[in-house]
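# here is a sequence with its predicted model. Questions after.
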Amino acid sequence: MAGAADVADLNTLVGFCARRDVDVLSRGAVEDCADGPVDVAILFGGSILAGGDLFARAITDGVAARFLIVGGQGHSTDVLRATMRQHLGGDDVAGETEAALFDRYLRQRYDIQVDLLEHESTNCGSNVRHALALLAAEGVPHRRILLIQDASMQRRMDAGFRLFAPATRVVNFAAHRTPVELIDGELGFRSPPEGMWPLDRYVSLLMGEIPRLTDDPAGYGPAGHGFIAHVDVPADVMQAYSALRARGVGAPRIADQQWADAAGPVDNPRPQDSVTSMSRPGPRV
């Protein structure tokens, strides 16, 4: 049976991974944080459905000059397709990219159309490379960027942009920061946002981020694989992660080589391999 320590430790991971640089997603708050108007806001397709609702509010509030959705197919696409199928009136979504799905959702639910869609990326590293390549190809300024990604991935997405676009001012606002609670002796969600991950997947995603973010030979930082910029992982986060592993609460998500791309291993963002494309690919094998 789960206990209060499990809840506290998991929520420590949520608080760390689901980075938000401002308390509220408003034009004024974002511009204050960015030291000026934001050139482009980006929603990443690895988010749960609630990320689309948040992005719609950002567009309505004019938090940026341009709006981009990034996402081809990856480890979370099937879950997003299943959720979207329920919210798009049972429409067939097989083969649709994450960007295409969120685009349809925003148009059908909010009558909103974004400026740009990116359909080729398959993992966090290629999200960064393809987003920057597309912005450059379209002549979209990106000195100041707002990033909206799933709670589990926001910290790593920031580190990817710091590696690839160190001169860009990034403002982070995780799509959600869903806390884990103890409900009748079991871990669960009291008020989950729209399209929330199943608990076991959420725990796995959160747990998987800590070894990736840790800047050691096994991690994704400069001391390891070099996929992201250095991240300082606080002692309390490492302690929470170690305690959860010791108690057998969840297991880190393993990188799926199916979603490696031409740049090399999963999540490897090498700038010389950047590819720009607006085409919509078919299903990948």
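It's in.

# C-alpha from now on. contacts and neighbour counts both.
Noted.

# now the strand or helix carrying residue 101: average pLDDT?
Using DSSP states H and E, residue 101 falls within helix 98-110. Mean pLDDT, computed over helix 98-110, is 92.

# packing partners for it?
helix 50-60, strand 64-70, helix 77-87, strand 116-118 (3 or more Cα pairs under 8 Å, 6 or more residues apart in numbering; DSSP states H and E).

# which of these sits closest to residue 42?
Closest approach to residue 42 among these (Cα to Cα): strand 64-70, 4.8 Å.

# if I look at the closest residue in space to residue 11 that isn't next to it in sequence, how far off is residue 187?
In this structure, residue 11 finds its nearest non-sequential neighbour in residue 179, 5.8 Å apart by Cα to Cα, 6 or more residues apart in numbering. According to Cα to Cα, to the nearest Å, residue 179 and residue 187 sit 10 Å apart.

# can you tell me the SS state at residue 89?
Applying DSSP: H, G, I helix; E, B strand; the rest coil to residue 89 yields a three-state assignment of coil.

# returning to that earlier point: buried set for the helix holding residue 101?
98-106 (16 or more other Cα atoms under 10 Å).

# any idea how far the closest residue to residue 80 other than its chain neighbours is from residue 69?
The shortest distance from residue 80 to any non-neighbouring residue, by Cα to Cα, 6+ apart, is to residue 48 (6.9 Å). Using Cα to Cα, residue 48 is found at 13 Å from residue 69.

# how does this structure divide into domains?
4-14+180-258, 18-172 (automatic domain parsing).

# give me whichever of these is most buried.
Comparing the domains of the chain by mean neighbour count (mean count of other Cα atoms under 10 Å), domain 18-172 ranks first with a mean of 20.

# that one: how far from the chain's middle?
The chain centre lies 8 Å from the centre of domain 18-172; the measure is Cα atoms, centre = their mean, to the nearest Å.

# begin at 35 from here
All set: I'll call the first residue 35, so the last point we hit is now domain 52-206.

# what about that domain, start to end distance?
End residues of domain 52-206 are separated by 9 Å (Cα to Cα).

# shaky segments in the stretch 85-234 of the chain?
109, 124-125 (pLDDT under 70).

# the helix holding residue 135 versus strand 98-104: what angle between them?
Helix 132-144 and strand 98-104 are oriented at 120 degrees to each other (axes from the mean of the first three to the mean of the last three Cα atoms, to 10 degrees).

# helix 132-144 vs helix 111-121, what angle?
20 degrees.

# what segments of the stretch 135-284 of the chain are strands?
150-152, 178-182, 203-206, 215-217, 220-222 (DSSP state E, counting those that start in this stretch).

# in its sheet, what does the fourth one sit against?
To tie it back to what came earlier, the one meant is strand 215-217. Using DSSP bridges, strand 215-217 pairs in its sheet with strand 220-222 (antiparallel).

# how far does the partner strand sit from the chain's center?
24 Å.

# neighbouring contacts of it?
35-37, 41, 214-216, 233 (Cα atoms under 8 Å, 6 or more residues apart in numbering).

# list the contacts of the closest residue to residue 267 other than its chain neighbours.
Spatial nearest neighbour of residue 267, excluding adjacent residues (Cα to Cα, 6+ apart): residue 248 at 6.3 Å. Going by Cα under 8 Å, 6+ apart, residue 248 touches 254-255, 265-267.

# would a markdown table of the helices and strands packed on helix 132-144 with distance to residue 205 be doable?
As requested, the helices and strands packed on helix 132-144 are exported to a markdown table (distance: least, Cα to Cα, whole Å):
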| stretch | distance to residue 205 |
| --- | --- |
| helix 84-94 | 13 |
| strand 98-104 | 11 |
| helix 111-121 | 25 |
| strand 150-152 | 19 |
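
# if we can go back for a sec, ok, the residue nearest to residue 45 touching residue 223?
Yes: contact criterion Cα atoms under 8 Å: residue 213 and residue 223 qualify, at 6.9 Å.

# closest to residue 178 out of the helices and strands packed on helix 132-144?
Of the helices and strands packed on helix 132-144, nearest to residue 178 by Cα to Cα is strand 98-104, at 9.1 Å.
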